[in-house]
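K.L.:
give the three-dimensional model of this entry:
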Amino acid sequence: MHAFNLQPKPLSLAERLADLAVDALIDEADLSPKPALVDRRGNGAHTDLHLGLMHASALALWPAFKEMAEAALELGEVALPLREAIGRIGREGEQAMLATTGGVNTHRGAIWALGLLVTAAALEPQSCTASALTLRAARLALLDDRHAPRPMSHGAQVAQRYGAHGAREEAQLGFPAVLQRGLPQLQRSRTAGHGEQNARLDALLAIMTGLADTCVLYRAGEQGLHTMQRGAQAVLEAGGSASLAGRRHLHELDEQLIALNASPGGAADLLAACLFIDRVGSADGIHQGAY
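P.N.:
So this is what the prediction gives:
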């Protein structure tokens, strides 16, 4: 057979979902200008992260996302065997991430959020509206993985100290910051003709307005959290990131959070989840191509 007549092998459902998860992580990393976060301009409030590292980390997680989707297809239901399978795969994915980044935690929270969503999408690919997808993810998150290590993460410690919802609780509640804030703002800004990048920035800011971001709490306490929430609200009230006044407020928020060493990593993880949910639910989402 002539080489030019060869057709590319269609992607499997698991491969397509892994692609979408990695795309969401890379799109989040590239989005600029994000307040105090790594983006195309620089490292934000971080000294150990840069954009190339974020890209490498995202790509290193592709096999884990694919394996989670395959586990969902094999086991077929929201139950303890699937929860424990994706927990194991997630921990292996985290080790692959850390090996790639030299021990830097780039995407631990995103592994949890996107791992649940990838699994939920693979369970019922014909039912991937935002509400259906997040409900299945929440049901999975509520199951207790008996094999999970028990030491509390920084985020869990901070959530307990301040009485805030951490990444685990956000998933168990069905990702309310995404469903109630991020996705509606993404659609509003698109409808207003603000352009895709500005719409994504506005979605991030909408998430920030109400999220008790444990990354910010860990690095800057309640002062940092209040600065993040108030500043994000000010950008949106000024017209969003597509307006001149909104951009001025966004620049001020960036400077304030960097001065406080407060990086809203939790909001960034949820923006990636928001972008994944948006894309999976679109007409050309996981149904693009044959599988």
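
K.L.:
can you tell me how far Pro8 is from Glu222?
P.N.:
52 Å (CB to CB, to the nearest Å). Any C-beta I mention is one placed from the backbone N, CA and C, and that applies to glycine too.

K.L.:
more neighbours: the two, which one.
P.N.:
Per other CB atoms under 10 Å, whichever of Pro8 and Glu222 has more neighbours is Glu222, with 12 against 6.

K.L.:
low-scoring stretches of the chain, by residue?
P.N.:
1-7, 151-155, 159, 283-291 (pLDDT under 70).

K.L.:
what about the longest helix in it?
P.N.:
helix 214-237 (DSSP state H).

K.L.:
quick check: which helices or strands does it pack against?
P.N.:
In this structure, helix 214-237 packs against helix 154-162, helix 196-210, helix 244-259, helix 265-280, with contacts taken as 3 or more CB pairs under 8 Å, 6 or more residues apart in numbering; DSSP states H and E.

K.L.:
these: which one's closest to Leu117?
P.N.:
helix 265-280 (5.7 Å; CB to CB).

K.L.:
that closest one relative to helix 214-237, how many degrees between them?
P.N.:
60 degrees (axes from the mean of the first three to the mean of the last three CA atoms, to 10 degrees).

K.L.:
got the angle between helix 265-280 and helix 196-210?
P.N.:
Using the same axes, to 10 degrees: helix 265-280 against helix 196-210 is 130 degrees.

K.L.:
tell me which other helices or strands helix 265-280 touches.
P.N.:
Using 3+ CB pairs under 8 Å, 6+ apart, helix 265-280 sits against helix 13-30, helix 108-123, helix 130-141, helix 167-172, helix 183-191, helix 196-210, helix 214-237.

K.L.:
end to end, how far does stretch 115-131 reach?
P.N.:
17 Å (CA to CA, to the nearest Å).

K.L.:
what's the spacing between that stretch and its chain's center?
P.N.:
In terms of CA atoms, centre = their mean, to the nearest Å, the centre of stretch 115-131 is set 15 Å apart from its chain centre.

K.L.:
which of the helices and strands packed on helix 214-237 is buried the deepest?
P.N.:
helix 265-280 (a mean of 28; mean count of other CB atoms under 10 Å).

K.L.:
how about the longest helix of the chain: buried residues?
P.N.:
For helix 214-237, burial by neighbour count (16 or more other CB atoms under 10 Å) applies to 214-220, 224-225, 227-229, 231-236.

K.L.:
okay, and Pro8 sits in which element?
P.N.:
Following DSSP states H and E, one finds Pro8 outside all helices and strands.

K.L.:
look up how far Gly52 lies from it.
P.N.:
28 Å.

K.L.:
now swap in Asp269 and tell me
P.N.:
Distance, Asp269 to Gly52, using CB to CB: 19 Å.

K.L.:
likewise for Val158?
P.N.:
For Val158, the distance to Gly52 - CB to CB - is 28 Å.

K.L.:
next up, the contacts around the closest residue to Ala36 other than its chain neighbours.
P.N.:
By the measure of CB to CB, 6 or more residues apart in numbering, the closest residue to Ala36 outside its immediate chain neighbours is Leu257, 3.6 Å from it. By CB atoms under 8 Å, 6 or more residues apart in numbering, the contact list for Leu257 reads 35-36, 44-45, 216, 220, 224, 227-228, 231, 263-264.

K.L.:
what do you get for Leu116?
P.N.:
Leu116 neighbours (CB under 8 Å, 6+ apart): 86, 137, 140-141, 171.

K.L.:
so how far is Phe175 from the closest residue to it other than its chain neighbours?
P.N.:
Closest residue in space to Leu116, ignoring its immediate chain neighbours: Ala137 at 4.1 Å, by CB to CB, 6+ apart. Separation of Ala137 from Phe175 (CB to CB) stands at 7 Å.

K.L.:
next: Gln187.
P.N.:
Distance from Gln187 to Phe175, by CB to CB: 16 Å.

K.L.:
of these two, which one has the most company?
P.N.:
Taking other CB under 10 Å, Gln187 and Phe175 do not tie; Phe175 has more neighbours (27 against 13).

K.L.:
wait, that one sits on Thr134?
P.N.:
Yes. Phe175 is within contact range of Thr134, at 4.8 Å (criterion: CB atoms under 8 Å).

K.L.:
mutual contacts of these two, please.
P.N.:
Ile277.

K.L.:
contacts only, for Arg161.
P.N.:
Leu217.

K.L.:
what about stretch 29-40, distance to the chain center?
P.N.:
14 Å.
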